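A.B. asks: My questions are about this predicted structure, shown below with the sequence.
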Amino acid sequence: MNLILRYPRLEDKKKYLLYLDEWENKDQIIPYSSRLLGRTYETFVEELIPREKGLINPEKLVPEIIHILVDEENNIYGALSLRLKLNEHLLAFDGHIGYGIAPSKRGNGYGKLILKLALDLARSKGFKKVLVTCNEENKRSKGVILSQGGILENKVYKTDGYILRYWIDL
């Protein structure tokens, strides 16, 4: 099976909505920017390139690339956000890369794969290093980050617990 990262497309709507529905708690869908947030799926897709160029709400949102991890039949395994710039909040808590694997697909190495592909994408965009974070209690995510060369810088407290901040040299 060959999995790739790519932009969500209009024809992915049904599978994308199923992917979102898999998350029992909609507030925990990761990355945050993969949520529809009151938009139609069509608007979400139409905003992908303007969002990447920093043209969507630039006072609040940083430019970012949103991709999905799919197989040959366009089944969605996960979503990725590569933030091309960091604001104060992202630098403190969320980093350059956010990703989430569908609950039904977890435990099969897809987290490592999506992060590896995200690092390749970051490298292609000229990054020399990226910041990746996870909640302290998320042992799986910590393992994924460490498997890709993450070096712990520190941990910071956020309202719901500690965030581990890792840098990965590219």
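C.D. replies: Perfect, I can see it now. Numbering: from 1, shown residues only.
A.B. asks: gap between the lengthiest helix in the chain and the chain center?
C.D. replies: For the chain, the helix that runs over the most residues, judged by DSSP state H, is helix 110-124. Its chain's C-alpha centre and that of helix 110-124 lie 10 Å apart, by CA atoms, centre = their mean, to the nearest Å.
A.B. asks: which secondary structure elements does the following helix or strand past that helix contact?
C.D. replies: The helix or strand immediately downstream of helix 110-124 is strand 129-135, counting by DSSP states H and E. In terms of contacts (3 or more CB pairs under 8 Å, 6 or more residues apart in numbering; DSSP states H and E), strand 129-135 is packed against strand 97-101, helix 110-124, helix 139-147, strand 161-169. Backbone N, C-alpha and C define where each C-beta goes, glycine included.
A.B. asks: Would you indicate which residues of strand 129-135 are buried?
C.D. replies: 130-135 (16 or more other CB atoms under 10 Å).
A.B. asks: Just the C-alphas of it, formatted as CSV.
C.D. replies: Provided in CSV are the C-alpha atoms of strand 129-135 (Å, rounded to 0.1, in the frame of the first residue of the first chain):
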residue,chain,number,x,y,z
LYS,A,129,14.5,22.8,11.3
VAL,A,130,10.9,22.5,12.6
LEU,A,131,9.2,22.7,15.9
VAL,A,132,6.8,19.8,16.7
THR,A,133,4.9,19.5,20.0
CYS,A,134,2.7,17.1,21.8
ASN,A,135,0.9,16.8,25.1
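A.B. asks: Just the residues contacting that strand, thanks.
C.D. replies: If you take CB atoms under 8 Å, 6 or more residues apart in numbering as the criterion, strand 129-135 is touched by 86, 91, 93-97, 115, 119, 122, 141-142, 145, 148, 150, 160-170.
A.B. asks: just the buried members of the residues you listed?
C.D. replies: Among the contacts of strand 129-135, those classed as buried by 16+ other CB under 10 Å are 93-97, 115, 119, 122, 141-142, 145, 148, 150, 163-168.
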